[in-house]
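**Q** Kindly generate the corresponding structure for this input.
(one chain, ligands or ions: 3)
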Amino acid sequence: MKKGILLVNLGSPDSPEPKDVKRYLGEFLMDERVIDVPLWARTLLVKGIILNTRPKASAAAYKKIWWEEGSPLIVLSEQLQDKVQEAIQYPVALAMRYGSMSIKKGLQELVDKGVDEVFLIPLYPQFAMATTETILVLAEEIRQEHFSNIKIDSLPAFYNNPEYIEVLSSSIARNLEGINYEHLLFSYHGVPERHIRKSDITKSHCKIDGSCCATPSPAHEFCYRHQCKEVTRLVAEKLGFAPGTYSTSFQSRLGFDPWLQPYTDRTIERLGKEGVKNMAIVTPAFVSDCLETLEEIAMEGEEIFHEMGGKDFTTVPCLNADAPWVNLLAKWINNWAVSENV
Ligand SMILES: C=CC1=C(C)c2cc3[nH]c(cc4nc(cc5[nH]c(cc1n2)c(C)c5CCC(=O)O)C(CCC(=O)O)=C4C)c(C)c3C=C
Ligand SMILES: [Fe+2]
Ligand SMILES: [Fe+2]
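**A** Ligands and ions are numbered 1, 2, ... in the order given. Have a look, this model is predicted:
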């Protein structure tokens, strides 16, 4: 059997023009694992409301961060693909869950190279229904329909892998070296609270209260909230942060349902109001910098902080194509290739 690797990230529109943003958002938000309501309600909400209002504002936000070479998320994912390819002997393809660089094209590219055993790596440290699960479900559907002779293994969520925590902690320490900050905010992409309950395999553990995520449970294998909180706890432990000097929040909420809290924008506002003058922010739900880190955090977040009287607002870049991260991915890939187990 010939082995190959498929890296999968979220995706971006083809351009920051409203028509391309609309097409991309249409595919993204019609995913039943992203907006998880019955089809008729999702169609009404997405096609009847969101796609008539959001693409213009979203396109304006994309224009602020768009690079000469394209969408930062795509460009940075391609850089990661190139670096991983240099580090290993198996062919590496890159695909996106939404948009033009489809999972089908990525699998086809590998199959054309003779690959029949694929290691699929969702580029998300934490499991979520709206990220890892939707990628794995779609990849299996495509496999059954078009590539039934190939085998696909996947990398599970790696949020608490000690070497991942080491790579993330070192990146934070390196990027904040010599910087004076009173508070480090760990901001993760939010999800509706309902998603957490749906992913609870015990059907009774996740109450989204003060304690469930800190109480051991098999539910945590699929609990995004637990996994985010663990990343913060493990990094804080590794870097020896004092209690009160760091916290966790959730960004990018959409719609009126309750999403995971506390919300990042309100947390930045509160820190500013409380008199914090210098803060830093890290976004460990994203492996590659993207709209959510470069615009929502680095631009909007900074503006909120300044409006509240804050001064220095430092953002820690995502791991992107950093050498320690590339080396760790290469190690996981080689472990899989030898033992078919990571
Ligand atoms: C119901 C809506 C959404 C859920 C649930 C959701 C979960 C989720 N998303 C990411 C990662 C990214 N999201 C990005 C953009 C983005 N996300 C949503 C909505 C939901 N996300 C929208 C509408 C958008 C588009 C931009 C906008 O209009 O605000 C991105 C950036 C993509 C880019 O091109 O740069 C990323 C990355 C995670 C990790 C997650 C759940 C854990
Ligand atoms: Fe999102
Ligand atoms: Fe939990």
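
**Q** ok, now which ones touch the residue nearest the centre of the chain?
**A** Geometric centre of the chain, nearest residue: residue 286, 3.5 Å, by CA atoms, centre = their mean. For residue 286, the contact set (CB atoms under 8 Å, 6 or more residues apart in numbering) comprises 189, 292-293, 318. C-beta: built from backbone N, CA, C; applies to glycine.

**Q** so which of those comes closest to ligand 3?
**A** Set against ligand 3, the nearest of those by CB to the ion is residue 189 (16.7 Å).

**Q** which residues does that closest one contact?
**A** Contacts of residue 189 by CB under 8 Å, 6+ apart are 250-252, 283, 285-286, 292.

**Q** Now with 10 Å, please.
**A** 10, 124, 126, 128, 130-131, 224, 228, 250-253, 259-260, 264, 283-286, 290, 292-293, 296 (CB atoms under 10 Å, 6 or more residues apart in numbering).

**Q** and it, backbone torsions?
**A** Main-chain torsions, residue 189, degrees, to the nearest 10: phi -60, psi 140.

**Q** so it bridges to which residues?
**A** residue 251 (DSSP bridges).

**Q** Correct me if wrong: residue 306 contacts residue 278.
**A** No. Counting by CB atoms under 10 Å, residue 306 sits too far from residue 278 to count as a contact (11.9 Å).

**Q** Return the residues of the stretch 201-342 of the chain in contact with ligand 3.
**A** 206, 212-213, 223, 226 (CB under 5 Å from the ion).

**Q** who wins for most neighbours among these?
**A** Counting neighbours by other CB atoms under 10 Å, the top entry in those is residue 223, with 28 neighbours.

**Q** Need the pLDDT of the residue lying closest to that one once chain neighbours are set aside.
**A** Once flanking residues are discounted, residue 223 sits nearest to residue 206: 5.8 Å by CB to CB, 6 or more residues apart in numbering. Looking at residue 206, its pLDDT reads 90.

**Q** I'd say residue 206 and residue 191 touch.
**A** No. Assessed by CB under 10 Å, residue 206 is found out of contact with residue 191, at 11.9 Å.

**Q** what stretches of the chain score poorly on pLDDT?
**A** 340-342 (pLDDT under 70).

**Q** circling back: shared neighbours of residue 306 and residue 278, which are they?
**A** Joint contacts of residue 306 and residue 278 (CB under 10 Å, 6+ apart) are 312-313.

**Q** distance of residue 312 from residue 276?
**A** For residue 312, the distance to residue 276 (CB to CB, to the nearest Å) stands at 10 Å.

**Q** ah, wrong one, I meant residue 232
**A** 18 Å.

**Q** how about the residue nearest to the centre of the chain, phi and psi?
**A** phi -110, psi 130.

**Q** returning to what we had before: of all the contacts of residue 286, which comes closest to ligand 1?
**A** Using CB to the nearest ligand atom, residue 189 comes nearest to ligand 1 of the contacts of residue 286, at 3.7 Å.

**Q** Please tell me how far that closest one sits from residue 23.
**A** From residue 189 to residue 23 the distance is 22 Å (CB to CB).

**Q** repeat for residue 45
**A** In terms of CB to CB, residue 45 sits 17 Å off from residue 23.

**Q** swap in residue 331?
**A** 38 Å.

**Q** higher neighbour count, those two?
**A** Applying other CB under 10 Å to residue 331 and residue 23 shows that residue 23 carries more neighbours, namely 18 against 14.

**Q** Does that one touch residue 55 like I think?
**A** Yes. Under the criterion of CB under 10 Å, residue 23 makes contact with residue 55 at 8.8 Å.

**Q** Touching both of these two, which residues are there?
**A** Joint contacts of residue 23 and residue 55 (CB under 10 Å, 6+ apart) are 13, 17.

**Q** Residue 161 and residue 5: what is the separation?
**A** 18 Å.

**Q** just residue 162 next, same as before
**A** Counting by CB to CB - residue 162 and residue 5 are separated by 22 Å.

**Q** Show me where the protein has its strands.
**A** 3-9, 92-96, 117-122, 151-154, 183-189, 246-251, 278-282, 312-315 (DSSP state E).

**Q** okay, these in a markdown table with distance to residue 240 next?
**A** Formatted as a markdown table, the strands of the chain follow (distance: least, CB to CB, whole Å):
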| stretch | distance to residue 240 |
| --- | --- |
| strand 3-9 | 32 |
| strand 92-96 | 36 |
| strand 117-122 | 31 |
| strand 151-154 | 34 |
| strand 183-189 | 12 |
| strand 246-251 | 11 |
| strand 278-282 | 16 |
| strand 312-315 | 19 |
